[in-house]
Every structure is written in structure tokens, then in C-alpha cells.
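A.B. asks: I'll drop the sequence and a predicted model, then ask my questions.
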Amino acid sequence: MDQQLEHFRQAGLKGVLFQLPFQAADGGYIWEGYAPDAFHKQVYSWAMSGYYEPAHRLLNWVKDHKLGPDGQLEGYRQDCYKHAWFFHGAHRLGRFDLSYPVFGFLCSCQEPCGGLPFFGPDPLLRALSTCWFGIAALLMGRLDLAERAAGWALSMLAQQPDGDRFYYTTQRDGTLVTGDGAQCIDPAKPKQCHWEVGLPLQLMCRLHQATGEQHWLDQAKPFFEYTLGDHIDAYGWAGSGKSSLGAALYYLLTGDRRAREKACQFGDYLVATQYSTGGWRDETEPDIILIYIDHAAEFNVWLQEIAATISAADVRWGGT
């Protein structure tokens, strides 16, 4: 692994070592004054750096205290996005006693058009939750559900109006929500919701890996190309991680050097902005421990995934 990628890996590991001391003796990850819905990323993050034992202790605590009979996590208020994060961590560790029921809850939130809301009762469906669920469905071997989620994302893309803005919510029937007040990415502005493009990009790449069908790789391209025309910070702020792993996957599958450059741009940003304690916080965010811990958990996932994916891709495509 080259030195730049090793810096990514070490920064991520530092983020994990920052998180671990906050785990309670019983394995839990809630304490007085801390949010009750902020333990969903830890398992995936810790396992990525080899800390399986604390990850399993956290999972035991969730099973004993936080898992409802319908697969919902107590305190998470039907948050599909956060439930999908928890699923990814539990399932990758083979904790099917947790991942199967949580996945069942997520399946109950998928609309016939393929999309999912952010929160179960929300009137709108959203790219973030839909595509993170779609990738979860691939891990479960549910290609049908993943393709339905991808179909929703492609319909969302096809309905985009002329102009640079990217709208990322639809009605429950799949009709894109546009116009004044609609949620969108505005490339003229900094610190936009780049993840709403990044997760569709990841899903298309993952579907290509799962099926071998060129169609899905072709569908990844417009999502990647959109990020290149986005604001200058599209790969350079706290909200760029999902796009960056999407770019790393796109490089792995296509050899497109632009994708490698963009994924590494985000990794360099994280290395440069990590606090000495191991966490991260954008200057626009509250200066509270929740932010540092949440970012440390998520950013380690992206740093480790990006470093490993690019390293493998470099071998495939002939060097750095």
C-alpha cells in the first residue's frame, strides 16, 4: 500500500481508538447526556479496523436492550438510514440474530416504486435511505429489492429538470419533488448533501459487481459525472464520504483515473482535518462530543474502504 493510502488507514484507526473508551462496561454506547440513537455506525467502523470483540459486545447489548420485536431499534424513531447503518455492521460480522430482524423492518418501509423514506412516516422518499437499503439488500442476497431501489434512483435521475441542481426526494409514488423549497444539491453552494448522489453511485457499482451486467456500470457513470461538476468541495468536506467510496469503486471497476483522484482528495482532506484526539468536526457543526464520535465512526469506514479499494484497483489497472 502506498504512503498516501497508509495515511488514510492510520487516520481511520486513530478515529476508532478515539471511540472505544466511550463504550460502557456492559457493552453499551449510551450514557448520560449522549444521544440514544447514535450507536448505529460503531460496529461497522470497529470491525473495519479489527476490533471485533468490542463490536460483538455492543451487538450483545443491543440485542438484550434495544432490539424490538419488529426489528426496530429503541430510540431510533423509524430512521431507515440509521437502521441500514446498523444492519451493515451486524451483518458483516455474521450477527444474523440482529441483521435479519433489522432488515425485516427496513423491507417494510420500501414502497412499491422502490424508494424508502428517511423516517418511516415521512411523506417523501429519499436517495440516502433508499440506496443504503439497496446495498443492504445485496448483502442479504435480495437482488430483487436492490434492483427496485436502483430503479427508483434511476427514475429520480431521469426526472431531473434542466439545470445544475440535483433533486433527491420523491413522492411516495416516485414522482420527483422539485421547485421552491424542494431538497436539492446546489453546485453553486458549498457544503451540500453530496451523499444523495454518492449512495446511488455506490449502489450502481455494487449491482454491477453482483450481476456482472454492464447496464449497472453504465448507470453509475452519470452519478459520478455529476459529482465532477459539483461545487469545489464535492470531495472536500465532511459530507463527501459516500461519494468518495463511490468514486473508489468506480475506479476499481473502470480504471477511470479521475475517480481515483477524487476519492484520494477526500482522504487527504480527512487526514488534514482530523483533531489530535482522533475525531472530526466541521466548523459549521455544534462543538459537542456526539459530532466527533459520529464522524470518527463513519470516516473510519470510508478511509479503510477507500484505501483497500484503491490499493486493489491500482494492481488491476497498473500502478498509482
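C.D. replies: Structure received.
A.B. asks: Would you mind pulling up the elements that the helix or strand harbouring Gln19 packs against?
C.D. replies: Gln19 belongs to helix 3-19 when assigned by DSSP states H and E. Contact analysis of helix 3-19 by 3 or more C-beta pairs under 8 Å, 6 or more residues apart in numbering; DSSP states H and E lists helix 42-48, helix 257-273, helix 289-317 as its packing neighbours. The way it works is simple: take the backbone N, C-alpha and C, and place the C-beta from them, glycine included.
A.B. asks: Let's check: the centremost residue of this structure is which one?
C.D. replies: Most central in the chain under C-alpha atoms, centre = their mean is Lys242, positioned 5.2 Å from the mean C-alpha point.
A.B. asks: What ranges in the protein fall below the confidence cut-off?
C.D. replies: The model of the chain has pLDDT under 70 over residues 1.
A.B. asks: For Pro200, grab the count of nearby residues.
C.D. replies: 32 (other C-beta atoms under 10 Å).
A.B. asks: which residue sits closest to it in space, ignoring its chain neighbours?
C.D. replies: Ala153 (4.4 Å; C-beta to C-beta, 6 or more residues apart in numbering).
A.B. asks: So which bits of whatever helix or strand the one you found lives in are buried?
C.D. replies: Applying DSSP H and E as the criterion places Ala153 in helix 143-158. For helix 143-158, burial by neighbour count (16 or more other C-beta atoms under 10 Å) applies to Leu145, Ala146, Glu147, Arg148, Ala149, Ala150, Trp152, Ala153, Leu154, Ser155, Met156, Leu157.
A.B. asks: Can I get these in TSV including distance to Ile310?
C.D. replies: Below are the buried residues of helix 143-158 laid out as TSV (distance: C-beta to C-beta, whole Å):
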residue	distance to Ile310
Leu145	29
Ala146	24
Glu147	27
Arg148	30
Ala149	26
Ala150	24
Trp152	29
Ala153	24
Leu154	27
Ser155	31
Met156	28
Leu157	26
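A.B. asks: ok, residues contacting the helix holding Gln19?
C.D. replies: 1, 42, 45-46, 48-49, 51, 264, 267-268, 270-271, 274, 277-280, 292-293, 295-297, 299-304, 306-307, 310-311 (C-beta atoms under 8 Å, 6 or more residues apart in numbering).
A.B. asks: Phe223: neighbour count?
C.D. replies: Look at Phe223: counted by other C-beta under 10 Å, it has 28 neighbours.
A.B. asks: measure it to Glu196 for me?
C.D. replies: In this view, Phe223 and Glu196 are 10 Å apart by C-beta to C-beta, to the nearest Å.
A.B. asks: again, but for Ala272
C.D. replies: The separation that Ala272 has from Glu196, given C-beta to C-beta, amounts to 25 Å.
A.B. asks: neighbour-wise, which of those two wins?
C.D. replies: Per other C-beta under 10 Å, whichever of Ala272 and Glu196 has more neighbours is Glu196, with 26 against 10.
A.B. asks: In this structure that one contacts Arg126, no?
C.D. replies: Yes. Glu196 is in contact with Arg126 according to C-beta atoms under 8 Å; the separation is 7.4 Å.
A.B. asks: for the protein, what spans make up the strands?
C.D. replies: All strands of the chain, identified by DSSP state E, fall at 125-126, 166-167, 169-170, 184-185.
A.B. asks: which of those sits most buried?
C.D. replies: strand 125-126 (a mean of 26; mean count of other C-beta atoms under 10 Å).
A.B. asks: Each with direction, which strands does that one pair with?
C.D. replies: strand 169-170 (antiparallel) (DSSP bridges).
A.B. asks: So what's the gap between the strand it pairs with and the chain middle?
C.D. replies: 18 Å (C-alpha atoms, centre = their mean, to the nearest Å).
A.B. asks: Give me the contact list for that strand.
C.D. replies: Contacts for strand 169-170 (C-beta under 8 Å, 6+ apart): 113, 115, 124-127, 152, 155-156, 159, 176-177, 182-183.
A.B. asks: distance of Gly319 from Ile232?
C.D. replies: Distance from Gly319 to Ile232, by C-beta to C-beta: 28 Å.
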